[in-house]
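> Dropping the sequence and predicted coords here.
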Amino acid sequence: MTKDLKHLKQQFLEYLEIERGRSLLTVANYDRYLERFFQQTKVTKPEQIEDETVRQFRLWLNRLNLKKNTQNYYLIALRTFLKYLAKLGVKSLAPERIELAK
């Protein structure tokens, strides 16, 4: 199995659409949220996603002056992606390590 994040993200988005029955708009939003996470953190492999990586991303989101709800959308997309990776047996950050903004 490939550990390339782009490929895993594409599989995840297809999983959301087909198995989870998410709307195309939801899938597109998840794609955008994850892409921004990958671009901002410069991670290329699932094992590079760590607590500090997520913390730095959260700081970046907060400094954009995004509402807490909007910040949470990014975190929910990331957490759902990490759950999917865990389901596949891909080593990465445990999804429950990501807490949403209050």
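The structure has been received and is ready for your questions.

> tally of neighbours for residue 75?
By other CB atoms under 10 Å, the residues close to residue 75 number 19. Using the backbone N, CA and C atoms, a C-beta is placed for each residue, glycine as well.

> Let me know the pLDDT of it.
With respect to pLDDT, residue 75 scores 97.

> Grab the nearest non-local neighbour of residue 38.
Excluding the flanking residues, the one nearest residue 38 by CB to CB, 6 or more residues apart in numbering is residue 5, at 6.2 Å.

> So for this structure, the centremost residue is which one?
residue 78 (2.1 Å; CA atoms, centre = their mean).

> and the closest residue to it other than its chain neighbours, what does it touch?
Spatial nearest neighbour of residue 78, excluding adjacent residues (CB to CB, 6+ apart): residue 37 at 5.7 Å. The contact partners of residue 37, taken as CB atoms under 8 Å, 6 or more residues apart in numbering, are 43, 57, 74, 77, 78.

> where does this structure have low pLDDT?
Residue ranges of the chain with pLDDT under 70: 1-2.

> C-alpha coordinates for the strand or helix carrying residue 26, PDB please?
Applying DSSP states H and E as the criterion places residue 26 in helix 24-41. Taking Å, rounded to 0.1, in the frame of the first residue of the first chain, the C-alpha atoms of helix 24-41 are listed here in PDB:
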ATOM      1  CA  LEU A  24     -20.100  16.500  -3.100                       C
ATOM      2  CA  LEU A  25     -20.000  19.800  -1.400                       C
ATOM      3  CA  THR A  26     -18.800  18.200   1.900                       C
ATOM      4  CA  VAL A  27     -16.200  16.200   0.000                       C
ATOM      5  CA  ALA A  28     -15.000  19.300  -1.700                       C
ATOM      6  CA  ASN A  29     -14.700  21.100   1.600                       C
ATOM      7  CA  TYR A  30     -12.800  18.200   3.200                       C
ATOM      8  CA  ASP A  31     -10.500  18.300   0.200                       C
ATOM      9  CA  ARG A  32      -9.800  22.000   0.600                       C
ATOM     10  CA  TYR A  33      -9.300  21.700   4.400                       C
ATOM     11  CA  LEU A  34      -6.800  18.900   4.100                       C
ATOM     12  CA  GLU A  35      -5.000  20.500   1.200                       C
ATOM     13  CA  ARG A  36      -4.400  23.600   3.300                       C
ATOM     14  CA  PHE A  37      -3.200  21.500   6.100                       C
ATOM     15  CA  PHE A  38      -0.700  19.700   3.800                       C
ATOM     16  CA  GLN A  39       0.500  22.900   2.300                       C
ATOM     17  CA  GLN A  40       0.900  24.800   5.500                       C
ATOM     18  CA  THR A  41       2.600  22.000   7.400                       C
END
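
> No further queries at this time; thank you.
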